[in-house]
Each structure stands twice: as structure tokens, then as C-alpha cells.
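Visitor: Next comes the sequence, and after it the predicted model I'd like to discuss.
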Amino acid sequence: MKRHIGSFVLASMMAVSCAIPGSGDVRSIDAEDIPYELNATTTAAPTTTVVVTTTTPAASTTSTSTTVPVEIVPLFFVAGAQLVPINRLLLTPAVAPQVLAALAEGLPEGDPSAGLRTAIPPEFAATVVVLRGIATVDLPPTFVTALPGAEQRLAIAQIVLTLTRRAGIGQVTFTTQSQPQSVPRGRGDLTGPGEAVACDDYANLLPAGYSC
């Protein structure tokens with residue numbers, strides 16, 4: 001009899017010690033909290049679903065799953081004199097402002113980022129509007145004045161190559177304070193003010209075997 005009572009007490013203590021505190025409410029997840037470790041290594045952009053499970057208090061043994069739809073988005077960063085894509089998971093549908101903001105955040109931590117850097121200056125803030133397949137990026141005034149010409153070329157290439165990988169965007173134009181802006185192409189020559197550029201204008205900066 002004592003043995004049965006001892007087993008019951010021990011089981012009760014284990015149940016109490018394993019109880020999970022909290023209200024048991026389902027917690028929403030912000031897209032920016034999705035870990036970089038979820039980054040894929042392919043260049044395709046399928047839609048993925050991340051399932052998050054929240055367990056209720058010990059009084060109940062049920063759990064609730066919340067699905068967060070995300071997609072793989074390639075962001076371009078600098079590797080020596082070239083640009084290479086790093087895949088990141090963003091909340092779907094990943095629209096142009098969301099993609100540009102992710103690019104401006106810089107490189108994620110981890111092995112895929114080893115040896116890479118960004119030419120986009122810190123605290124970069126720009127707006128982007130897409131109309132009839134053309135993304136217009138309004139650059140801050142300091143973008144032109146604060147960056148050397150070679151860095152401008154790489155930073156513009158990062159933006160153009162990243163945006164033109166999105167469905168529905170074939171060209172990019174640039175403005176500063178809503179005024180047409182000239183930008184360097186991949187070979188260093190300048191466009192006319194507000195002239196559209198595309199992936200092909202920066203194809204010379206892509207790795208061998210990677211095409212527009």
C-alpha cells in the first residue's frame with residue numbers, strides 16, 4: 001500500500017514540475033522574428049509554411065498550431081567584385097517595399113554570409129513603388145554624396161538585381177526627393193536621369209553560370 005501511495009505522490013510531483021506556465025493563448029509571430037537559420041539555398045521561390053505549436057497549461061493536454069506562410073526571396077550581396085544571392089524567408093506575399101527593407105537590413109548571421117558584405121550604407125531608407133512592371137526607388141540625398149562611385153555601382157546593382165528577381169518587376173528607375181536620378185550601370189557608365197535599368201545592365205557582376 002505504501003508503495004502505491006509513493007508512486008502516486010511521485011507521479012503528482014512530476015506532473016507539477018512539468019507544467020508549462022502561461023495562459024495558453026496562441027502567440028502571433030512577427031515576420032521579422034522568423035530566424036535566419038530558415039534560409040534555403042536554392043534560387044527558386046516557392047511558398048513555404050512554418051508551423052508553430054503552442055502547448056496549453058498542464059490542466060489540458062491539447063496543443064494549438066499556427067501556420068505562418070513564408071516564401072524564399074533572394075537578396076544580393078557583394079562578394080569581391082561580384083554579387084551573389086543569399087536566400088531569406090519573408091512573409092508572403094513579399095512585396096517590393098518589404099524586399100527592399102530586408103536588403104537594407106544587411107547580411108544575416110551564419111555560414112552562408114561568410115565572406116560577403118553589403119555596399120548599401122547603414123540606416124539606408126528608401127521608398128519603392130511598382131507601376132506597370134517598373135519599380136521606382138526614391139533614394140535618400142546622402143546616398144549619392146556619401147558613397148564613392150565604386151560603392152554606388154555595387155549598391156545600385158544590389159537593389160536592381162534583388163528587385164528584378166521579383167515577379168512583375170522587369171526594370172528599376174531611381175529618383176532623389178522625387179527628382180529623376182542618374183545611377184551607375186554595372187560597367188561604370190551613368191544612366192540618364194530617371195533612365196530605367198534592368199538585370200542585364202549588371203549581368204557583368206554576376207558569378208559565372210548565373211544569368212538574368
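Guide: It's in.
Visitor: which SS state does Asp138 fall under?
Guide: Judged by DSSP: H, G, I helix; E, B strand; the rest coil, the three-state class of Asp138 is strand.
Visitor: Surely it and Ala125 touch.
Guide: No: Asp138 lies out of contact with Ala125 (C-beta atoms under 8 Å); the separation is 9.7 Å. (Each C-beta comes from the backbone N, C-alpha and C, glycine too.)
Visitor: Neighbour count for those two, which is higher?
Guide: It is Asp138, of Asp138 and Ala125, that has more neighbours when counted by other C-beta atoms under 10 Å, with 18 against 13.
Visitor: Helices of the protein, start to end?
Guide: Applying DSSP state H to the chain gives helices spanning 2-17, 96-105, 141-146, 149-163.
Visitor: Could you tell me the angle between the second one and helix 149-163?
Guide: Going back to what we said before, that points to helix 96-105. Relative orientation of helix 96-105 and helix 149-163, computed by axes from the mean of the first three to the mean of the last three C-alpha atoms, to 10 degrees: 140 degrees.
Visitor: List the contacts of the closest residue to Cys212 other than its chain neighbours.
Guide: Distances taken as C-beta to C-beta, 6 or more residues apart in numbering put Cys199 closest to Cys212, at 3.6 Å, once the chain neighbours are dropped. Going by C-beta atoms under 8 Å, 6 or more residues apart in numbering, Cys199 touches Val160, Leu161, Thr164, Arg165, Cys212.
Visitor: any idea how far Cys199 lies from Val172?
Guide: Distance of Cys199 to Val172, computed by C-beta to C-beta, to the nearest Å: 9 Å.
Visitor: which neighbours do the two share?
Guide: Val160, Thr164.
Visitor: Can you list the low-confidence ranges for this structure?
Guide: For the chain, applying pLDDT under 70 flags the ranges 1-65, 111.
Visitor: quick one on the thing from earlier: neighbour count and distance to Asn87 added to the contacts of Cys199, as TSV?
Guide: Listed next are the contacts of Cys199 as TSV, based on neighbours: other C-beta atoms under 10 Å; distance: C-beta to C-beta, whole Å:
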residue	neighbour count	distance to Asn87
Val160	29	18
Leu161	28	14
Thr164	21	16
Arg165	18	11
Cys212	12	18
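Visitor: can you put these in JSON lines and add distance to Gly186?
Guide: JSON lines is the format used below for the contacts of Cys199 (distance: C-beta to C-beta, whole Å):
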{"residue": "Val160", "distance to Gly186": "9"}
{"residue": "Leu161", "distance to Gly186": "9"}
{"residue": "Thr164", "distance to Gly186": "13"}
{"residue": "Arg165", "distance to Gly186": "16"}
{"residue": "Cys212", "distance to Gly186": "11"}
